[in-house]
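>>> Here is my input, please return the structure:
(one chain, ligands or ions: 2)
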Amino acid sequence: MAASPAGPRPLLSRRSGALAGTVTVPGDKSISHRALMFGALSLGETRIEGLLEGDDVLRTAAALRALGAEAERLPDGTWITRGRGVGGLAEPAQVLDMGNSGTAARLLMGLLATHPFTSVMTGDASLTKRPMARVTTPLETMGARFALRSGGRLPGAVIGTDRPVPIAYRLPVASAQVKSAILLAGLNAPGRTTVIEPEPTRDHTERMLRHFGIEVTVEEAGDGALAATVTGQGELTARDLRVPADPSSAAFPAVAALIRPGSALSLPGVGTNPRRTGLFETLRAMGADIAYANPREEGGEPVADLLVRASGLRGVEVPPERAPSMIDEYPVLCIAAACAEGPTVMRGIGELRVKESDRLAMMADGLAACGVTVEAGEDWMVVHGRGRPPAGGATVATAMDHRIAMSFLVLGMATEQPVRVDDGAFIDTSFPGFVALMNGLGADIAAA
Ligand SMILES: O=C(O)C1=C[C@@H](OP(=O)(O)O)[C@@H](O)[C@H](O)C1
Ligand SMILES: C=C(OP(=O)(O)O)C(=O)O
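Ligands and ions are numbered 1, 2, ... in the order given. Next up, the predicted model:
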């Protein structure tokens, strides 16, 4: 997606009544990217149900087609991939445009690093600001070369190696994207590729590789660190799978229900992988009534139906070690915190500065504009709630960031004065249909 190709799409959110109903939020974005990529690497046909059809994931599908794999949507919404085998992707004749998606760009860089051809990759005005050296540095030690812009940023070229070297690498930053990029490169390297992560991050890559028949071992590596290892140059076997509803998307209606008195929502089939549910844990510590009903497993991932009721919230101190399991949820946590009684303290969140926008700055500025007292430093933030929603009444800048836009639209559902966001177009990257879904539950969000 270019910078809102049809121009910015401002949206206004007005105070709503109680929210009620049962709604299924779209498929998990992290799992959807991986399902397409692993399908493209497998031998045979993979059927994927519940794939997220957000712009980020559609970018991955288009890139895989440019690399010679088949990825198509059937009229009933099922997706089918026909893969090319490990190491079997073909040199793309066009630039791979990964739009707004860090996950698509970084995971594909890993895949391409051990394919012996050159690919050129770009992204939109948000993605081309984001750091790529975190993946290119370890991938270079595996034999790949990169020609990127200053600061290790896209656009640039990935020059894959024909002599891949397996590595053992300790992550300097907690990142499932970096871990996954290295493991994906390792799939086509002879021998064992190991990633040691001092702080465990989402493990969808490890789980899904096993689903596709690849052995992945995960061992304790001391001080709470985990070492994930793949042995390369085996084949993935095509396997059908069902993508759970995205807990990162469920977070928006869930927080909206918590802060609108009288609300009661049911969100079926949401992923409850413990490496993703830090927000729900934090909200419960704040006093939220959130229950998991009917827990089950689908395609190697735990899921449950989420039941959420309006609750009085109080501020908490979020343990920094919980950050990787809720890294994308700090923006919407800030909204809950702004309506809670007392301060919510968030530390160890420097990674928020290198997402689709500088989320720490965007949240601090937007909340302040809506009448919330916020303190912020390089990698921390304190939101001072007053036990009731703030005044609102501002237009908030969103800087091409879907989660900033959705978070402030949720805030506007509770504030006395409406909240306007300057551009809601990027919501389609992760949560197509967000406005209709929220309005169906009782929100009042409209073009403005
Ligand atoms: O692996 C993934 O699918 C993701 C990992 C996280 O990024 P980092 O690896 O940069 O923490 C997260 O923020 C992103 O939305 C999705
Ligand atoms: C950080 C995110 O995604 P990505 O890194 O894939 O752009 C997100 O969806 O919040």
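>>> count of neighbours near the closest residue to residue 163 other than its chain neighbours?
Distances taken as Cβ to Cβ, 6 or more residues apart in numbering put residue 143 closest to residue 163, at 5.6 Å, once the chain neighbours are dropped. Yep, even glycine has a C-beta here, placed from its N, CA and C like the rest. Burial measure for residue 143: 19 neighbouring residues, criterion other Cβ atoms under 10 Å.
>>> what's the neighbour count on the residue in the stretch 301-448 of the chain that ligand 2 sits nearest to?
Residue nearest to ligand 2 within the stretch 301-448 of the chain: residue 328 (3.8 Å; Cβ to the nearest ligand atom). Using other Cβ under 10 Å, residue 328 has 24 neighbouring residues.
>>> who touches it in this structure?
The contact partners of residue 328, by Cβ atoms under 8 Å, 6 or more residues apart in numbering, come to 248, 355, 403.
>>> What subset of the residues you listed is buried?
Among these, those buried by neighbour count (16 or more other Cβ atoms under 10 Å) are 248, 355, 403.
>>> buried residues in stretch 99-117?
For stretch 99-117, burial by neighbour count (16+ other Cβ under 10 Å) applies to 99-116.
>>> mind listing the strands for the stretch 1-150 of the chain?
Along the stretch 1-150 of the chain, the stretches classed as strands by DSSP state E, counting those that start in this stretch are 11-14, 20-22, 45-49, 70-73, 79-82, 96-97, 118-122, 145-149.
>>> got a markdown table for these, with mean neighbour count and distance to ligand 1 too?
Below are the strands of the stretch 1-150 of the chain laid out as a markdown table (neighbours: other Cβ atoms under 10 Å; distance: least, Cβ to the nearest ligand atom, whole Å):
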| stretch | mean neighbour count | distance to ligand 1 |
| --- | --- | --- |
| strand 11-14 | 22 | 22 |
| strand 20-22 | 14 | 26 |
| strand 45-49 | 19 | 16 |
| strand 70-73 | 16 | 18 |
| strand 79-82 | 20 | 18 |
| strand 96-97 | 24 | 18 |
| strand 118-122 | 19 | 17 |
| strand 145-149 | 15 | 17 |
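>>> now for these, which one comes closest to residue 440?
Proximity to residue 440 (Cβ to Cβ) singles out strand 20-22 among the strands of the stretch 1-150 of the chain, at 6.8 Å.
>>> What pairs with the closest one, parallel or antiparallel?
With DSSP bridges as the test, strand 20-22 is paired with strand 264-271 (parallel).
>>> Check whether the strand it pairs with comes near ligand 1.
No - judged by Cβ under 6 Å from any ligand atom, strand 264-271 and ligand 1 are separated, with a smallest distance of 11.9 Å.
>>> and if you look at stretch 221-231?
No - counting by Cβ under 6 Å from any ligand atom, ligand 1 has no neighbours in stretch 221-231; the shortest distance is 13.0 Å.
>>> now do the same end-to-end measure for that stretch.
Using Cα to Cα, to the nearest Å, the end-to-end distance of stretch 221-231 comes to 18 Å.
>>> List the buried residues of it.
226, 227, 228, 229, 230, 231.
>>> Is residue 366 in a helix, a strand, or coil?
Put simply, residue 366 is helix when judged by DSSP: H, G, I helix; E, B strand; the rest coil.
>>> could the buried residues of stretch 221-231 go into JSON lines alongside pLDDT?
As requested, the buried residues of stretch 221-231 are exported to JSON lines (pLDDT from 0 to 100):
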{"residue": "226", "pLDDT": "98"}
{"residue": "227", "pLDDT": "98"}
{"residue": "228", "pLDDT": "98"}
{"residue": "229", "pLDDT": "98"}
{"residue": "230", "pLDDT": "98"}
{"residue": "231", "pLDDT": "97"}
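>>> of the strands of the stretch 1-150 of the chain, which approaches residue 302 most closely?
strand 45-49 (17.1 Å).
>>> which non-adjacent residue is nearest the residue of the stretch 1-150 of the chain found nearest ligand 2?
Nearest residue of the stretch 1-150 of the chain to ligand 2: residue 102, at 2.7 Å (Cβ to the nearest ligand atom). With sequence-adjacent residues excluded and distances taken as Cβ to Cβ, 6+ apart, residue 102 is closest to residue 130, at 5.7 Å.
>>> The one you found contacts residue 153, doesn't it?
Yes - because the distance of 6.9 Å satisfies Cβ atoms under 8 Å, residue 130 is recorded as touching residue 153.
>>> more neighbours, those two?
Per other Cβ under 10 Å, whichever of residue 130 and residue 153 has more neighbours is residue 130, with 20 against 16.
>>> Give me the neighbour count for residue 77.
Neighbour count for residue 77, taken as other Cβ under 10 Å: 11.
>>> correction: residue 433
15.
>>> Pretty sure it sits against residue 26.
Yes - if you go by Cβ under 8 Å, residue 433 and residue 26 touch, sitting 7.0 Å apart.
>>> Contacts only, for residue 12.
412, 418, 419, 420, 445, 446, 447, 448.
>>> what about the closest residue to it other than its chain neighbours, distance to residue 107?
Spatial nearest neighbour of residue 12, excluding adjacent residues (Cβ to Cβ, 6+ apart): residue 448 at 3.5 Å. As defined by Cβ to Cβ, to the nearest Å, residue 448 lies at a distance of 36 Å from residue 107.
>>> What is the burial count for residue 294?
10.
>>> any weak-confidence spans in the chain?
Within the chain, the segments meeting pLDDT under 70 span 1-5.
>>> need the residues of it near ligand 2, please.
Within the chain, the residues that sit near ligand 2 (Cβ under 6 Å from any ligand atom) are 29, 56, 101, 102, 103, 328, 355, 356, 403, 430.
>>> wait, doesn't the second one sit right on residue 33?
Yes - between residue 56 and residue 33 a contact is recorded at 7.3 Å, counting by Cβ under 8 Å.
>>> Between those two, which contacts overlap?
Common contact partners of residue 56 and residue 33 (Cβ under 8 Å, 6+ apart): 101, 103, 104.
>>> List the residues that contact the second one.
Listed by Cβ under 8 Å, 6+ apart, the contact set of residue 103 reads 29, 30, 33, 56, 177.
>>> out of those, which one sits closest to residue 277?
Residue 277 lies nearest to residue 30 out of the contacts of residue 103, by Cβ to Cβ, at 13.3 Å.
>>> if I look at the closest residue to the closest one other than its chain neighbours, how far off is residue 28?
The shortest distance from residue 30 to any non-neighbouring residue, by Cβ to Cβ, 6+ apart, is to residue 204 (5.2 Å). According to Cβ to Cβ, residue 204 and residue 28 sit 8 Å apart.
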